[in-house]
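> got a structure for you, letters missing:
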């Protein structure tokens, strides 16, 4: 799930006004494609449709059976003509949640945490007040967004906890901000996606391991898997590594688009819910390793894939991992993400197919989620027999 934000009319007008004051209006960049291997015409067509509703550029890295290829349309550095490449860095947003969940499942494997234990057993007094009772909300419910905690979507300038003097944010302050909204359901009753769940889980990781959450994810996941182009930035580390996909704020007005470089913000605003940086290639490697059982135990992976159904689509949400039913049959596993400047999605199948996509804008309204899902379906179903 991507981070989603509900905006009031006042907030929209203030931010749009600020953005438009410093943007230039130019027509959409001409579509072009880069590919390694075959043309992949159907996926390229789906990518063009997605990019026409998304940012200045969009790219997908996909393949299967040891084969991998990359398609890019538009630009990763507006107004230049620079296709997005599979090894370029970008902010992955809520795909961070899968890394956070993987560390929690490792701690479950190590008997340091129980999925069924109340969060109050580990963090007494943190989830309390304003209708919340941490003795009734389990670790599993936080991982699966069934805690009943209200949605909370951090956003630079307009939706933040009180910052530290250096502009960073403490996890505890972010959690208090998230819990300032009262519960939306009884624990376990329904699925309500909230970043607060994963901010609390970041605090849990820090409490149990005795290290900051970015250090735990780096030491337990990133380094062992050799994800050399993936990082969980420490608080205060605001610059993307090079090479990078440039992120933008933007608007679409008819056939004209308005782009402005994304506002700089501290990654600690999103922390364990969405702070990480990676590439299309590294994200593919991570999810492939995860579903292959190279990150957590078989029992832990089974728990991660116990999903709560999302309607009657066949899709579901497990413990930091999404299940997506493919139109050609079978399922794929992964997560999507959205933070200022970037909208991302990665899915992999157990038989080795994979797709990871990015565009360099994240629209808070008129989000092209349908077009992105169609792109992923098209890439993952290339060469597969039609479902009868």
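Looks like it came in fine. None of the values given here were measured: they were computed from a predicted structure.

> quick check: residue 73 is in a strand.
Yes. Counting by DSSP: H, G, I helix; E, B strand; the rest coil, residue 73 is found in a strand.

> dig out what it forms beta bridges with.
The partner list for residue 73 in beta bridges (DSSP bridges) reads residue 58.

> gap between it and residue 56?
10 Å (CB to CB, to the nearest Å). Using the backbone N, CA and C atoms, a C-beta is placed for each residue, glycine as well.

> repeat for residue 143
Taken as CB to CB, the span from residue 143 to residue 56 is 35 Å.

> next one: residue 77
Where residue 56 is concerned, residue 77 sits at a distance of 8 Å (CB to CB).

> ok, now residue 93?
The value you get for residue 93 to residue 56, if CB to CB is used, is 18 Å.

> for residue 327, same thing?
Distance, residue 327 to residue 56, by CB to CB: 29 Å.

> the two: which has the busier surroundings?
Set side by side, residue 327 and residue 56 show more neighbours around residue 56, with 28 against 14, by other CB atoms under 10 Å.

> what sits against the more buried one?
By CB atoms under 8 Å, 6 or more residues apart in numbering, residue 56 lies in contact with 29, 74-76, 78, 248, 250, 257, 259, 360-361.

> same question, residue 178
Per CB under 8 Å, 6+ apart, neighbours of residue 178: 149-150, 152, 194-196, 199.

> repeat the analysis, applying 7 Å as the threshold.
Residues in contact with residue 178 (CB atoms under 7 Å, 6 or more residues apart in numbering) are 149, 152, 194-196, 199.

> and residue 361, by the same measure?
Residue 361 is in contact with 54-55, 248-250, 341, 343, counting by CB under 7 Å, 6+ apart.

> what ranges does this structure have for its helices?
Ranges of helices in the chain, per DSSP state H, are 9-20, 41-52, 96-109, 119-122, 139-143, 171-178, 195-209, 213-217, 271-274, 280-291, 298-304, 369-380.

> tell me which of these lies nearest to residue 130.
Set against residue 130 and scored by CB to CB, the helices of the chain come closest in helix 171-178, at 9.7 Å.

> now do that closest one and helix 195-209, the angle between them.
150 degrees (axes from the mean of the first three to the mean of the last three CA atoms, to 10 degrees).

> to the chain's geometric centre, what's the distance from helix 171-178?
Centroid separation between helix 171-178 and its chain, computed with CA atoms, centre = their mean, to the nearest Å, is 19 Å.

> can you give me the mean pLDDT across that helix?
Summarised as a single mean, pLDDT over helix 171-178 is 97.

> buried ones in it?
Within helix 171-178, the residues that count as buried by 16 or more other CB atoms under 10 Å are 171-178.

> how about those residues in TSV, adding distance to residue 238?
Formatted as TSV, these follow (distance: CB to CB, whole Å):
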residue	distance to residue 238
171	18
172	21
173	18
174	17
175	22
176	23
177	20
178	22
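
> let me know the closest of these to residue 83.
Nearest member of the buried residues of helix 171-178 to residue 83, counting by CB to CB, is residue 174, at 35.9 Å.

> residues in contact with the closest one?
Counted by CB under 7 Å, 6+ apart, residue 174 has contacts 154, 161, 199, 271.

> could I get the residues you listed as TSV with neighbour count, distance to residue 309 and pLDDT?
Shown next, in TSV, are the contacts of residue 174 (neighbours: other CB atoms under 10 Å; distance: CB to CB, whole Å; pLDDT from 0 to 100):
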residue	neighbour count	distance to residue 309	pLDDT
154	26	28	91
161	21	33	94
199	32	25	98
271	30	29	98
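
> rebuild these as TSV, extending it with distance to residue 381.
Formatted as TSV, the contacts of residue 174 follow (distance: CB to CB, whole Å):
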residue	distance to residue 381
154	35
161	42
199	36
271	35
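
> mind listing the residues bridging to residue 359?
According to DSSP bridges, beta-bridge pairing links residue 359 with residue 58, residue 343.

> residue contacts, it?
When contacts are counted by CB under 7 Å, 6+ apart, residue 359 touches 50-51, 54-55, 57-58, 343.

> counting neighbours, what do you get for the spatially closest residue to residue 212 that is not a sequence neighbour?
With CB to CB, 6 or more residues apart in numbering as the criterion, residue 212 has its nearest non-adjacent residue at 6.0 Å, and that residue is residue 206. The local packing of residue 206 (other CB under 10 Å) involves 19 other residues.

> just checking, residue 206 touches residue 215?
No. Residue 206 lies out of contact with residue 215 (CB atoms under 7 Å); the separation is 9.0 Å.

> just to revisit the earlier point, among the contacts of residue 56, which two are most distant?
Of all pairs drawn from these, the widest gap by CB to CB lies between 76 and 257 and measures 15.1 Å.

> tell me which of these two has more neighbours.
Neighbours of residue 76 and residue 257, each counted by other CB under 10 Å, are more numerous for residue 76; the result is 26 against 21.

> where does the nearest residue to residue 381 once chain neighbours are set aside land on pLDDT?
Distances taken as CB to CB, 6+ apart place residue 328 nearest to residue 381, at 3.7 Å, with adjacent residues excluded. Predicted confidence (pLDDT) for residue 328: 96.

> same thing with the one 3 residues further on?
Per-residue confidence at residue 331 stands at 97 (pLDDT).

> and if you look at residue 366?
Reported pLDDT for residue 366: 81.

> make 27 the first number, not 1, from now on.
With the count now opening at 27, the last piece we talked about shows up as residue 392.

> residues touching stretch 231-247, excluding its own?
So stretch 231-247 is contacted by 125-126, 128-130, 132-133, 138-139, 148-149, 228, 258-260, 297-298, 321 (CB under 7 Å, 6+ apart).

> that'll do, ta.
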